[in-house]
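A.B. asks: Structure, please.
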Amino acid sequence: MQTSSPKTLAVLVSIFFFTSNLSGTFLTVYYRQELGLSIGEIAVILLFTFPLIGLLPLLLLRTVKNFERIISWGIFFTMFFYIILSFIKNPVVLGITYGLSIATFWPSFNLLQFRLGETKVRARTISLFSSIIPSLASIGGPVVGGFIIDSFEFHALFAVAVALYFIAFFLSLRIRFSQETCGFSVPRNGKFAVFFVSFVLLGLTESYWVAYPLFVLGVSGTVLNMGLVLALSAIVISMVTFLVNWLSDIKRARVTFAVIGVALNAAWYVALSFVSTTSEVVALSMISGLGSAFSISWFAFYGDSFERYSYASILVLMETGLMIGRILNLLPTYMFVSVADYATYFRLLALILLFLIPLYVLMRRISRD
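C.D. replies: Residues are numbered from 1 along each chain as shown. Got it, this is the predicted structure:
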């Protein structure tokens, strides 16, 4: 990739993540309030979304020579998703379209991060693109999105999102991508098996698809207040991410950092189960921000553990692992979120997170052998 491509990618990613926070933050709220979908119907959307995220990249890696180029497809499909969102309410159609957008953006984006960063600065590169830029984008996005919804309703928000995604799509066409030469291969060793199980557990403990947005809305009362709460939380998260960022490339400490991240995220979920005010949500974002910042080290360690020619394969396999966990998560989501029992849901995720710690310790021992 040319020297100018990282700068173009940074601008593209900034626009993309700002728009995602502008519109995607309120997606579950739109399903509930505007389309009148139940939690079960939202789960159906995700039941069609997640398999595409986990399996389509495997097919594309086998058939598309320029795998990095599919990031442009991902932006285009995301734009298309928000175009049809104002006209279609069928959960199956929405799930497939949403899945296409994510499945064609994230694997290519993750691959670009790995290839842009050398091993000694990989955690910083990944932190910039996957943590710092998204964190900064999440400060303004929810506030602007909440204001647009409150003043002009959801359809105006989606129109703005489509325009911004079009700009990001145009920028993506200016990046010179590398062609994939090694195709798809599954690493056949115990090291990869541990990583794969860890990604299943990480997918199982994600709450931002349904539970957390609805929880924050319930505590905030209105969409506008929800946007403000999320923006204030993002400010705190961004601050702690910057503090941890420059420590994250201490290579020998990456597993230790990942363990700290798990413990902090588990503590955040437990504390969240007792929250009843917006100020408490914002205050606890300090813990979630630190947890996310430290957890980036696991992703960097994943890249360190395999050769560069394997990056495309291990990244699409990571999405497969996350897919399995996300599908499993739909069951507790339906059981607890549909009856607004967020406390039990968050405590369950905290418990599952703790199972990652022995996996991380095991990986450190395997890596030393």
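A.B. asks: contacting residues around the closest residue to F80 other than its chain neighbours?
C.D. replies: Nearest-residue entry for F80: T97, 6.7 Å, with adjacent residues in sequence omitted and distances by Cβ to Cβ, 6 or more residues apart in numbering. Heads up, the C-betas are built off the backbone N, CA and C, glycines and all. Residues in contact with T97 (Cβ atoms under 8 Å, 6 or more residues apart in numbering) are F77, F80, F81, I84.
A.B. asks: Hmm, G99 and the third one touching each other?
C.D. replies: Which is F81. No: counting by Cβ atoms under 8 Å, F81 stays clear of G99, with 9.4 Å between them.
A.B. asks: Select only the buried ones of the contacts of T97 in PyMOL?
C.D. replies: In PyMOL, this line selects whichever of these come out buried by 16 or more other Cβ atoms under 10 Å:
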select buried, resi 77+81
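A.B. asks: For the contacts of T97, name the two members farthest from one another.
C.D. replies: Greatest spatial distance in the contacts of T97: F77 and I84, 10.6 Å, computed using Cβ to Cβ.
A.B. asks: wait, which of the contacts of T97 is closest to A343?
C.D. replies: The closest of the contacts of T97, once distances to A343 are taken by Cβ to Cβ, is F81, at 32.4 Å.
A.B. asks: Under a three-state scheme, what state does the closest one occupy?
C.D. replies: Secondary structure state of F81, per DSSP: H, G, I helix; E, B strand; the rest coil, is helix.
A.B. asks: what packs against the host helix or strand of L55?
C.D. replies: Assigned by DSSP states H and E, L55 belongs to helix 39-63. Packed against helix 39-63 by the contact rule (3 or more Cβ pairs under 8 Å, 6 or more residues apart in numbering; DSSP states H and E) you find helix 27-33, helix 91-116, helix 311-332.
A.B. asks: Please tabulate the ones you listed in a markdown table and include distance to S185 and mean pLDDT as additional columns.
C.D. replies: As requested, the helices and strands packed on helix 39-63 are exported to a markdown table (distance: least, Cβ to Cβ, whole Å; pLDDT from 0 to 100):
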| stretch | distance to S185 | mean pLDDT |
| --- | --- | --- |
| helix 27-33 | 35 | 95 |
| helix 91-116 | 15 | 86 |
| helix 311-332 | 5 | 92 |
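A.B. asks: The helix holding L55 vs helix 91-116, what angle?
C.D. replies: When axes from the mean of the first three to the mean of the last three Cα atoms, to 10 degrees is applied, the directions of helix 39-63 and helix 91-116 differ by 50 degrees.
A.B. asks: Helix 39-63 versus helix 311-332: what angle between them?
C.D. replies: Using the same axes, to 10 degrees, helix 39-63 lies at 170 degrees relative to helix 311-332.
A.B. asks: mean confidence score for helix 39-63?
C.D. replies: With pLDDT averaged residue by residue, helix 39-63 scores 93.
A.B. asks: does L228 really touch V143, like I thought?
C.D. replies: Yes: using Cβ under 8 Å, L228 is in contact with V143, at 6.1 Å.
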